[in-house]
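Asker: dropping the sequence and predicted coords here.
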Amino acid sequence: VSKIFSAGLDITEMSGKSNEHYAAFWRAVQEMWLKLYGSNMVTIAAINGSSPAGGCLMALCCDYRIMADNPKFAIGLNETQLGIVAPFWFKDTMINTIGNRATELSLQLGQMYPAPEALKFGLVDKLVPEDKVQSAAAAAMSQWLSVPDHARQLTKSMMRKPAIDRLVKQREADINNFVSFISKDSIQKSLQIYMDRLKQKK
Ligand SMILES: CCCCCCCC/C=C\C/C=C/C(=O)SCCNC(=O)CCNC(=O)[C@H](O)C(C)(C)COP(=O)(O)OP(=O)(O)OC[C@H]1O[C@@H](n2cnc3c(N)ncnc32)[C@H](O)[C@@H]1OP(=O)(O)O
């Protein structure tokens with residue numbers, strides 16, 4: 001879809017469903033993160049539009065981020081704006097990219113950064129004109145693939161393993177936390193208000 005890299009997690013999967021549904025949904029989200037953040041392959045995000053919350057997380061999981069140079073496109077972990085909380089592993093992924101202080105600001109305010117600010121903040125690595133995102137990503141991929149694979153893979157694993165091990169250890173507790181948090185009436189209400197606002201915006 002043009003204008004959108006990813007709209008993040010499907011909010012309809014987190015509202016008005018059973019606890020069993022929430023648990024299965026969250027396990028799948030964890031699985032996505034474990035596979036992508038833990039991948040030993042080179043991963044380059046070609047960010048061709050806005051990328052809130054889970055969309056930002058997917059981009060942050062990649063080794064390198066190239067974004068379309070359009071201030072209308074924004075990226076960030078905006079969970080607090082929905083009345084929800086970025087889980088610790090979303091937070092760890094952001095800290096590993098932009099550092100602790102910038103992450104704290106970003107997460108508490110639920111900030112979405114327009115592309116030029118995202119570059120300043122280090123959330124993305126490069127801006128290119130909209131029609132050059134794919135070719136710039138292909139060029140970056142060639143550069144990354146020219147590094148000896150075993151050395152690059154071991155380095156990537158050394159950088160990311162502590163965060164990955166943390167979730168693996170606490171996986172079931174994290175699912176239980178998610179289910180009890182998301183099923184609260186107050187949280188369901190916040191999500192509903194956010195969805196209503198999205199629809200009114202049209
Ligand atoms: C104590 C600790 C406990 C820990 C507990 C952890 C809890 C944490 C839980 C979850 C983490 C959440 C992660 C997420 O990713 S939440 C999702 C965040 N996403 C957003 O906020 C995106 C919102 N959408 C937008 O900003 C815009 O829609 C857009 C920029 C993506 C696209 O804009 P535009 O092109 O103008 O399209 P529309 O706004 O008109 O949208 C079209 C259509 O799609 C619906 N929609 C949009 N985004 C979502 C979404 N994420 N999920 C479901 N549906 C979405 C929108 O409502 C429209 O629907 P329609 O009216 O029926 O056509």
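Answerer: It's in. Numbers count the residues shown, from 1 in each chain.
Asker: how about Tyr37, what does it touch?
Answerer: For Tyr37, the contacting residues are 61, 93, 160, 163-164, taking C-beta atoms under 8 Å, 6 or more residues apart in numbering as the criterion. C-betas here are computed from N, CA, C, even on glycine.
Asker: just give me the closest of those residues to the ligand.
Answerer: Nearest to the ligand among the contacts of Tyr37 is Thr93, at 12.4 Å by C-beta to the nearest ligand atom.
Asker: right, and that closest one touches Arg166 too?
Answerer: No. At 11.1 Å, Thr93 does not count as touching Arg166 under the criterion of C-beta atoms under 8 Å.
Asker: who has more neighbours out of those two?
Answerer: For Thr93 and Arg166, the more surrounded residue by other C-beta atoms under 10 Å is Thr93, and the numbers stand at 24 against 14.
Asker: restricting to C-alpha, output the helix or strand where the more buried one lies in PDB.
Answerer: Assigned by DSSP states H and E, Thr93 belongs to helix 88-98. Once non-C-alpha atoms are left out, helix 88-98 reads as follows in PDB (Å, rounded to 0.1, in the frame of the first residue of the first chain):
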ATOM      1  CA  PHE A  88       9.600  -4.300  27.400                       C
ATOM      2  CA  TRP A  89      10.900  -6.000  24.200                       C
ATOM      3  CA  PHE A  90       9.600  -3.200  22.000                       C
ATOM      4  CA  LYS A  91      11.300  -0.800  24.400                       C
ATOM      5  CA  ASP A  92      14.600  -2.800  24.300                       C
ATOM      6  CA  THR A  93      14.600  -2.800  20.500                       C
ATOM      7  CA  MET A  94      14.200   0.900  20.500                       C
ATOM      8  CA  ILE A  95      16.900   1.500  23.100                       C
ATOM      9  CA  ASN A  96      19.300  -0.700  21.100                       C
ATOM     10  CA  THR A  97      18.700   1.600  18.200                       C
ATOM     11  CA  ILE A  98      18.500   5.200  19.600                       C
END
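Asker: now that helix: buried residues?
Answerer: By neighbour count, with 16 or more other C-beta atoms under 10 Å as the criterion, the buried positions of helix 88-98 are 89-95, 97-98.
Asker: touching the ligand at all, stretch 103-120?
Answerer: No. Using C-beta under 6 Å from any ligand atom as the criterion, no contacts between stretch 103-120 and the ligand are found, and the smallest distance is 8.1 Å.
Asker: quick one: that stretch to chain centroid distance?
Answerer: Stretch 103-120 has its C-alpha centroid displaced from the chain centroid by 12 Å (C-alpha atoms, centre = their mean, to the nearest Å).
Asker: ok, and what's touching it?
Answerer: In this structure, residues lying in contact with stretch 103-120 by C-beta under 8 Å, 6+ apart are 50, 52, 67-82, 86, 91, 94-95, 98, 121, 123-127.
Asker: now for the residue nearest the centre of the chain: which residues touch it?
Answerer: Taking C-alpha atoms, centre = their mean, the centroid of the chain lies closest to Leu57, which sits 0.9 Å from it. The contact partners of Leu57, taken as C-beta under 8 Å, 6+ apart, are 8, 33, 77, 90, 93.
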